[in-house]
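**Student:** curious how this folds, go ahead:
(chains A and B)
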Amino acid sequence: MSRRPLRILIIDENAVRAAILEEGLRGASTGGDNGTLEVQHIRDMANVLPRIAAVDPDVILIDLENPSRDTLEQMFQVSRVARRPIAMFVDKSDSATVQAAIDAGVSAYVVDGLRKERVKSILDVTISRFHAFDRLQSELHQAKSALEDRKIIDQAKAIVMKQRGCTEETAYALLRRTAMNQNRKIADLARSLVAAAALLGPGDGDD
Amino acid sequence: MTERVVAAFVPLVDCAVLVAAREQGFAAAEGLELTLVKEPSWASLRDHLSLGHVDCAHALAPLPVALTLGVGHVRVDCVVPFVLNRGGNAITLAAALVAEMKTFDPDALATPERAGAALAAAVRRREAPLTLGMVFPFSNHNFDLRYWLAAAGIHPDRDVRLVAIPPPLMVDNLRAGLVDGFCVGEPWNSRAVAEELGSIVATQSQLFPGAAEKVLAVRTEFAEAAADRMTRLLRALDRAAAWADDAAHHAILAEHLARPDYLGVPRPLIEAALSGRLRFGASSRQDRDFMYFHRSAANLPSAADGVWSYAQMVRWGQLAPSPRQQRLAGAMFRSDLYRRSVPVAGPEPPPSLSFDRIAFSATDVPAYLRRFSLQTPFTEFHAL
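**Tutor:** Predicted coordinates for the structure are as follows:
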């Protein structure tokens, strides 16, 4: 028996997250008896209803925080074009999945009559991919702030070296000891030092 | 001991009572740490409320009614123990459309009726239907706009196209020409007027004087499990509402609301909305009843407030008529919870007439609805 592939539409302005999710869903569709999935992505909300109608999705996945959800829900309610998808909560049977989805920032609209297990497997993949994206973002953020910390510590070291006429190694040891004594992060101390030096140091010659 | 209450809100001037309860210390005085969570959409607020991620919410009055009746969503039992404000919305139309309306009636902005008649003339002349914005399917904005259009003979489902747009995006959509007008709360009407993008043609206070606009929506489960916290919260909100209603406090209230963690819009716009100073076309009018927080027993929930939402849902086919659903919609507005917390609450004010002088009857909704020729039957609405 040939079954029409399940159509999934991702609405997300964030192209990276959408790509991560798309890849995850494609991977999931090849294994097991999941059947095949067809995944499409819409990035912006311009003229969205006819575009949704063209895809005719069974499941729509959208960031919980997306402000366009009110627009979508109202369109679904009055639409005679698209089949009317309903928020995933309408089926209360799997509240653990729904909770996990909300915690991950996922919301889904599902066309009536779809098997619960299929919806659950799609949601599970979406949740884990949203988490993966969050991890990626926080790693990126950490890497960025580590780089900034290193820059500011280098500046502070240079100030100490100049003032005390000491080596880089001594300057760093002094900074580290002071930070420890004050129970502060070395980068925070460096930041105050650089700010103070800018205040107290020789100006640009205006005064 | 301090206990926590978490409330969700959408950044609008009428979240004022919750903000005042927190920022002016009314919640703290009741031993409550009131945490306010900003929501990007009504759908998101509804999800967080229905899953119990927040204890209560600043909600469009019809939103908890839809949740309790299970319309458009899974059924989640809610109660409304407090009305946060009455009035506050307005209908704004694009400058070009208003200019067109004035070719039919130079004084089209004089009253909501004349504006409606002039709009109907413009609609009849057009080939493509107008697009009008409102905020959510279950909102007074949707119902006010539909009622006003229908009173002028414009069918809101056949003659125009209605779209839901989150309030902060409303003015952008008007500027981009994606909508020809909208019904929204403040400060967004005043913002559109200030940018000369459109004119206010009617206010909720003109259409339905004293209408319950935003309410405190609470899951029944929470209201029952945390009865003591509820009582203290209602007392704090009552004092905050009295404080917010006093014009002497509007400057400081506007300062709180203008902060980026609340509305993040310029203070003068908020102050104007609080005072009811609105510009209609070239002239400026002050309507003291445009939006109020406490006086005239504003906070007292009334069964009629809930039944009104039910009646609008039935009129526009969102819901099949049902005496049982009608009873639920009324009974969830719990004046008893409010009176238990604030024993001095006055009597319920008498109902006021809507702008078309049709009295609302909460006891005989079918007879009330028979007075309207324009409706959308439930079966038609749900036919695919």
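
**Student:** give me the phi and psi for B:Arg279.
**Tutor:** Dihedral pair for B:Arg279: phi -100, psi 130, per degrees, to the nearest 10.

**Student:** and it, how far from chain A?
**Tutor:** 27 Å (Cβ to the nearest Cβ, to the nearest Å). Every residue, glycine included, has its C-beta placed from N, CA and C.

**Student:** is that residue bridged to anything, and to what?
**Tutor:** B:Ser284 (DSSP bridges).

**Student:** and it, what's its pLDDT?
**Tutor:** With respect to pLDDT, B:Arg279 scores 80.

**Student:** now it: how far from B:Ala194?
**Tutor:** 8 Å (Cβ to Cβ, to the nearest Å).

**Student:** do B:Glu39 as well
**Tutor:** 25 Å.

**Student:** ok, now B:Leu216?
**Tutor:** 31 Å.

**Student:** more neighbours, those two?
**Tutor:** B:Leu216 (26 against 15; other Cβ atoms under 10 Å in any protein chain shown).

**Student:** surely the more buried one is in contact with B:Asn85?
**Tutor:** No: with contact defined as Cβ atoms under 8 Å, B:Leu216 does not count as touching B:Asn85 (10.6 Å).

**Student:** contacts for the helix or strand hosting B:Arg191, please.
**Tutor:** In the assignment (DSSP states H and E), B:Arg191 maps to helix B:188-194. Here helix B:188-194 makes contact (Cβ atoms under 8 Å, 6 or more residues apart in numbering or on different chains) with B:90, B:92, B:167-168, B:170-171, B:174, B:182, B:198-200, B:265, B:269, B:272-273, B:278-279.

**Student:** now the following helix or strand past it - C-alpha only, PDB.
**Tutor:** Once the chain leaves helix B:188-194, the next helix or strand it forms, by DSSP H and E, is strand B:198-203. Extracted in PDB, the C-alpha atoms of strand B:198-203 (Å, rounded to 0.1, in the frame of the first residue of the first chain):
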ATOM      1  CA  GLY B 198      -4.500  57.000  10.200                       C
ATOM      2  CA  SER B 199      -7.400  58.300  12.300                       C
ATOM      3  CA  ILE B 200      -9.300  56.900  15.200                       C
ATOM      4  CA  VAL B 201     -12.900  56.400  14.100                       C
ATOM      5  CA  ALA B 202     -14.400  54.800  17.200                       C
ATOM      6  CA  THR B 203     -13.400  53.800  20.800                       C
END
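
**Student:** export the helix or strand in which B:Ala272 is found as CSV, just CAs?
**Tutor:** Using DSSP H and E, B:Ala272 maps to helix B:267-275. Output in CSV follows, covering the C-alpha atoms of helix B:267-275 (Å, rounded to 0.1, in the frame of the first residue of the first chain):
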residue,chain,number,x,y,z
ARG,B,267,6.2,57.9,28.1
PRO,B,268,4.0,60.7,26.6
LEU,B,269,2.1,58.1,24.4
ILE,B,270,1.3,56.1,27.5
GLU,B,271,0.3,59.1,29.6
ALA,B,272,-2.1,60.3,26.9
ALA,B,273,-3.7,56.9,26.8
LEU,B,274,-4.1,56.8,30.6
SER,B,275,-5.7,60.3,30.6
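
**Student:** how about the helices in chain A?
**Tutor:** Listed in chain order, the helices of chain A (DSSP state H) span A:15-30, A:48-55, A:69-78, A:95-104, A:116-164, A:168-181, A:186-200.

**Student:** so where is chain A shaky, pLDDT-wise?
**Tutor:** Along chain A, the model assigns pLDDT under 70 to residues A:1-3, A:29-35, A:79-83, A:89-94, A:202-207.

**Student:** close to chain A: what parts of the stretch 51-200 of chain B are there?
**Tutor:** The stretch 51-200 of chain B comes close to chain A at residues B:51, B:53, B:72-74, B:135-137, B:157, B:162-166, B:168-169, as judged by Cβ under 8 Å from any Cβ of the partner chain.

**Student:** ok, which pair from these is furthest apart?
**Tutor:** B:His53 and B:Asp157 (34.0 Å; Cβ to Cβ).

**Student:** neighbour-wise, which of these two wins?
**Tutor:** With neighbours defined as other Cβ under 10 Å, B:His53 and B:Asp157 compare such that B:Asp157 has more, 18 against 14.

**Student:** got phi/psi on the residue nearest to that one when sequence neighbours are not counted?
**Tutor:** Nearest in space to B:Asp157, with sequence neighbours left out and distances taken as Cβ to Cβ, 6 or more residues apart in numbering or on different chains, is B:Thr376 at 4.9 Å. Dihedral angles of B:Thr376 (phi, psi; degrees, to the nearest 10) stand at phi -120, psi 110.

**Student:** likewise for B:Gly181?
**Tutor:** B:Gly181 adopts backbone torsions of phi 170, psi 180, taken as degrees, to the nearest 10.

**Student:** burial of it, as a residue count?
**Tutor:** B:Gly181 has 25 nearby residues by other Cβ under 10 Å.

**Student:** ok, now B:Asp356?
**Tutor:** 16.

**Student:** that one and B:His141, how far apart?
**Tutor:** 18 Å.

**Student:** domain ranges for chain B?
**Tutor:** B:3-87+B:210-265+B:293-367, B:89-209+B:373-378 (automatic domain parsing).

**Student:** also chain A?
**Tutor:** Taken from automatic domain parsing, chain A resolves into A:6-138, A:142-200.

**Student:** which one of those lies nearest to B:Gly330?
**Tutor:** B:Gly330 lies closest, by Cβ to Cβ, to one member of these: domain A:6-138, at 23.9 Å.

**Student:** related to what we said a few turns ago, now the domains of chain B as JSON lines including mean pLDDT?
**Tutor:** Output for these, formatted as JSON lines (pLDDT from 0 to 100):
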{"stretch": "domain B:3-87+B:210-265+B:293-367", "mean pLDDT": "94"}
{"stretch": "domain B:89-209+B:373-378", "mean pLDDT": "95"}
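
**Student:** which one of these lies closest to A:Thr126?
**Tutor:** domain B:3-87+B:210-265+B:293-367 (15.5 Å).

**Student:** run the chain-centre distance for that closest one.
**Tutor:** In terms of Cα atoms, centre = their mean, to the nearest Å, the centre of domain B:3-87+B:210-265+B:293-367 is set 10 Å apart from its chain centre.

**Student:** quick one on the thing from earlier: how far does the helix holding B:Arg191 sit from the chain's center?
**Tutor:** Here the centre of helix B:188-194 is set off from its chain's centre by 17 Å, with Cα atoms, centre = their mean.

**Student:** list the buried ones in that helix?
**Tutor:** B:188-193 (16 or more other Cβ atoms under 10 Å in any protein chain shown).

**Student:** re the thing from before, which of the contacts of helix B:188-194 are buried? Put it as a PyMOL command.
**Tutor:** Buried residues among these (16+ other Cβ under 10 Å), as a PyMOL selection:
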select buried, chain B and resi 90+92+167+168+170+171+174+182+198+199+200+265+269+272+273+278
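
**Student:** and the residue of the stretch 1-150 of chain B nearest chain A?
**Tutor:** Here the stretch 1-150 of chain B gets closest to chain A at one residue, B:Ala43, 4.0 Å apart by Cβ to the nearest Cβ.

**Student:** residue of chain A closest to chain B, please.
**Tutor:** For chain A, Cβ to the nearest Cβ, closest residue to chain B: A:Gln74, 3.4 Å.

**Student:** which one of the domains of chain B lies closest to A:Val119?
**Tutor:** domain B:3-87+B:210-265+B:293-367 (14.4 Å).

**Student:** what is the three-state secondary structure of the residue lying closest to B:Gly153 once chain neighbours are set aside?
**Tutor:** Distance criterion Cβ to Cβ, 6+ apart; nearest residue to B:Gly153, sequence neighbours excluded, is B:Ala120 at 5.2 Å. The three-state label given to B:Ala120 by DSSP: H, G, I helix; E, B strand; the rest coil is helix.

**Student:** burial check on B:Ala120, number of neighbours?
**Tutor:** 18.

**Student:** so what's it up against?
**Tutor:** Per Cβ under 8 Å, 6+ apart, neighbours of B:Ala120: B:152-154.
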